[in-house]
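Peer 1: the sequence and its predicted three-dimensional model are supplied below.
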Amino acid sequence: MSKRILIACLILCLPVLLLAQSEKPIPTSAQLRWHGLEFYLFMHFGPNTFTDKEWGAGNEQEALFDPVNMDAEQWCKVAKAAGAKGIIITAKHHDGFCLWPSKYSKHTVRESNWRNGKGDVLKDLSAACKKYGLLFGVYISPWDRNHPDYGTERYNDVFVNMIKELFRNYGPIWELWWDGANGEGPNGKRQLYDWKRFEATVRSISPQTVVFSDIGPDVRWCGNESGIAGATNWNMLDTAGFTRGAGGPPQDSLNTGNINGKNWIPAECDVSIRPGWFYHQQQDSLVKTPEELFQLYLKSVGRGANLLLNVPPDRQGLIHADDVKALVGFARLKTAAFQHDLAKQGTGYVFTRSKIKKVQALNDGDLKSFQISTNEKNSALGISFKKAEWINCVVLNEFIAAGQHCKGFLLQLKDEQHTVLKEIRGTTIGNKRIICFPAMRVADISLIIDDQMQPTLISEIAAYRLKESLIQ
């Protein structure tokens, strides 16, 4: 075997060898795909849309639900325009009303006047998502304030059968969202949820579906409903001894994850574009601005989490014009901000043992290529420019397929004389870390990983000039 072929084989095999040596949790293939989505929409829709409530009592008349102009294709067109990769719909909220004609409930769209009882929100949305190339996800609350079997073992059968209906009739479902709320049913009883059975049902039908809850098993709540991940954000979480809902991990643990967590359960940041989760006309003037949405993106996706933005349809069954305007404005801001990666004009390098070596992996635009950091003192990875560039944002990507390893880093911004203009310290990197600062002319971006569990793999170092108004 020639030396050139041997080197090529080692490069190809390196990711596999690193995965085999890793002592920390690593993401599944489904979780890796989830990380790559970054941003998608949540849609709270149901009787609460028509009663101006956030939590329905379960005794609402089915006739209330009548979105006469509902258009799932409009939802998908808006989602595409916003840059979202999918939509998660509240198929059943705590009030028990099913947005599909479930065989296991008498409190569904079938009993409503909408489309003479022939309507099916999930059927419409699933088809529209396929048409527009969006992923389809489902929120289904185990709490049911309407079902007469709630609070008995029979209800676990009901819930399992509902899950089977969702997957068999409307799949593929990319993400299943479980709310851990557990209150009294119409009979005054609380349900003892059979979570192991619920999980086993999903895994047997759709093993590639990622499941969200306080403790995963695939995706975790970020610990708040403000859409903000921890400045330190580990993708690992310990779940032993915890349960969904009231028995979940502390909110600060959910927000930051656990540095030595035994399970790969990354954070998802849920937040509403309005003060409420369901549509309320009086909140039309309170829709978040494009600039506010951009800040949420920086503090969620920019900290290694995913952003789940709730955009509730109105009583007509449409996304309101004010929401559309904000979403399109946000998409324009984000596209303009990250359209031109200035780092591609520079040269990637690794500095170690007082020597500089050029490398392509750091600014080739390929997240599957990477450069390994070392534990050697004064070593660094970076991007150098022939001519200084005006920069106020650096984006780092860790090759998380091999795990999350960076515990602490130092970012140095230097001028042509290699004088340090600014130093920025951080902890975790993860899937993506967006770092903003006042604009300055930078000739060299130097990344020093000075605290790590194992050698950190950096996929990309990108650099941008954002509008100053977006830098807070």
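Peer 2: Looks like it arrived, so ask away.

Peer 1: show me what counts as buried in stretch 176-193.
Peer 2: 176-180, 182, 185-186, 191, 193 (16 or more other CB atoms under 10 Å). (Glycine included, C-beta is placed from N, CA and C.)

Peer 1: among those residues, which pair sits farthest apart?
Peer 2: Maximum pairwise distance in these, criterion CB to CB, is 25.2 Å, between L176 and P186.

Peer 1: so which of the buried residues of stretch 176-193 are in strands?
Peer 2: 176-177 (DSSP state E).

Peer 1: could you say which helix or strand contains the closest residue to E23 other than its chain neighbours?
Peer 2: Closest residue to E23 apart from its sequence neighbours, by CB to CB, 6 or more residues apart in numbering: Q454 at 7.5 Å. According to DSSP states H and E, Q454 maps onto no helix or strand at all.

Peer 1: Q454 and I400, how far apart?
Peer 2: 13 Å (CB to CB, to the nearest Å).

Peer 1: more neighbours, these two?
Peer 2: I400 (24 against 18; other CB atoms under 10 Å).

Peer 1: sorry, back to before: thought K24 was touching the residue nearest to E23, still the case?
Peer 2: Yes. Using CB atoms under 8 Å, Q454 makes contact with K24 at a distance of 7.4 Å.

Peer 1: what about the helices in the stretch 101-250 of the chain?
Peer 2: Secondary structure of the stretch 101-250 of the chain by DSSP state H, counting those that start in this stretch: the helices cover 121-132, 153-170, 195-205.

Peer 1: residues contacting the first one, please?
Peer 2: Helix 121-132 is contacted by residues 45, 70, 72-73, 75-77, 79-80, 86-87, 89, 91, 99-100, 109, 134-136, 138, 166, 169-171 when judged by CB atoms under 8 Å, 6 or more residues apart in numbering.

Peer 1: which residues touch M236?
Peer 2: 24-25, 257-265, 404.

Peer 1: out of the residues you listed, name the ones that lie in strands.
Peer 2: 263-264.

Peer 1: of the contacts of M236, keep whichever come out buried.
Peer 2: Buried among the contacts of M236 by 16+ other CB under 10 Å: 24-25, 257-258, 261, 263-265, 404.

Peer 1: so what's the residue count around N306?
Peer 2: Neighbour number of N306 under other CB under 10 Å is 25.

Peer 1: skipping adjacent residues, who's closest to it in space?
Peer 2: E268 (4.9 Å).

Peer 1: mind listing what the helix or strand hosting the one you found pairs with, with the direction of each?
Peer 2: Under the criterion of DSSP H and E, E268 resides in strand 267-272. Strand pairing for strand 267-272, determined by DSSP bridges: strand 219-221 (parallel), strand 306-310 (parallel).

Peer 1: how far away from the center of its chain is the first one?
Peer 2: Between the centre of strand 219-221 and the centre of its host chain there is 9 Å, according to CA atoms, centre = their mean, to the nearest Å.

Peer 1: got the buried residues for that strand?
Peer 2: Applying 16+ other CB under 10 Å to strand 219-221 flags 219-221 as buried.

Peer 1: need the residues you listed in CSV (columns: distance to I391 and pLDDT).
Peer 2: Conversion of those to CSV gives the following (distance: CB to CB, whole Å; pLDDT from 0 to 100):
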residue, distance to I391, pLDDT
V219, 33, 98
R220, 33, 98
W221, 34, 97
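
Peer 1: and which of the residues you listed is nearest to G408?
Peer 2: R220 (22.9 Å).

Peer 1: list the beta-bridge partners for that closest one.
Peer 2: Beta-bridge partners, per DSSP bridges, of R220: S213, A267.

Peer 1: which helix or which strand is home to P438?
Peer 2: Per DSSP H and E: strand 433-452 holds P438.

Peer 1: try L41
Peer 2: strand 39-43.

Peer 1: report the next helix or strand after that strand in sequence order.
Peer 2: helix 48-51.

Peer 1: check contacts around the residue sitting nearest the centre point of the chain.
Peer 2: Nearest to the mean C-alpha position of the chain, by CA atoms, centre = their mean, lies N306 at 2.2 Å. For N306, the contacting residues are 34-35, 37-40, 219, 266-269, 300, by CB under 8 Å, 6+ apart.

Peer 1: the residues you listed into a markdown table, with extra columns for distance to A231?
Peer 2: Formatted as a markdown table, the contacts of N306 follow (distance: CB to CB, whole Å):
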| residue | distance to A231 |
| --- | --- |
| W34 | 22 |
| H35 | 19 |
| L37 | 22 |
| E38 | 18 |
| F39 | 20 |
| Y40 | 23 |
| V219 | 20 |
| P266 | 16 |
| A267 | 12 |
| E268 | 17 |
| C269 | 13 |
| S300 | 12 |
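
Peer 1: relative to D415, which of the buried ones among the contacts of M236 is nearest.
Peer 2: Q404 (32.2 Å).

Peer 1: list phi and psi for the nearest residue to that closest one once chain neighbours are set aside.
Peer 2: The shortest distance from Q404 to any non-neighbouring residue, by CB to CB, 6+ apart, is to N235 (5.1 Å). Backbone torsions of N235, given as degrees, to the nearest 10, read phi -80, psi 0.

Peer 1: what about N235, how many neighbours?
Peer 2: Around N235 there are 28 residues (other CB under 10 Å).

Peer 1: ok, now the one 10 residues further on?
Peer 2: G245 sits with 18 neighbouring residues when counted by other CB under 10 Å.

Peer 1: for it, give me its contacts.
Peer 2: Counted by CB under 8 Å, 6+ apart, G245 has contacts 179-182, 214.

Peer 1: would you point out the most distant pair within those?
Peer 2: Most distant of the contacts of G245, by CB to CB, are N182 and D214, 11.8 Å apart.
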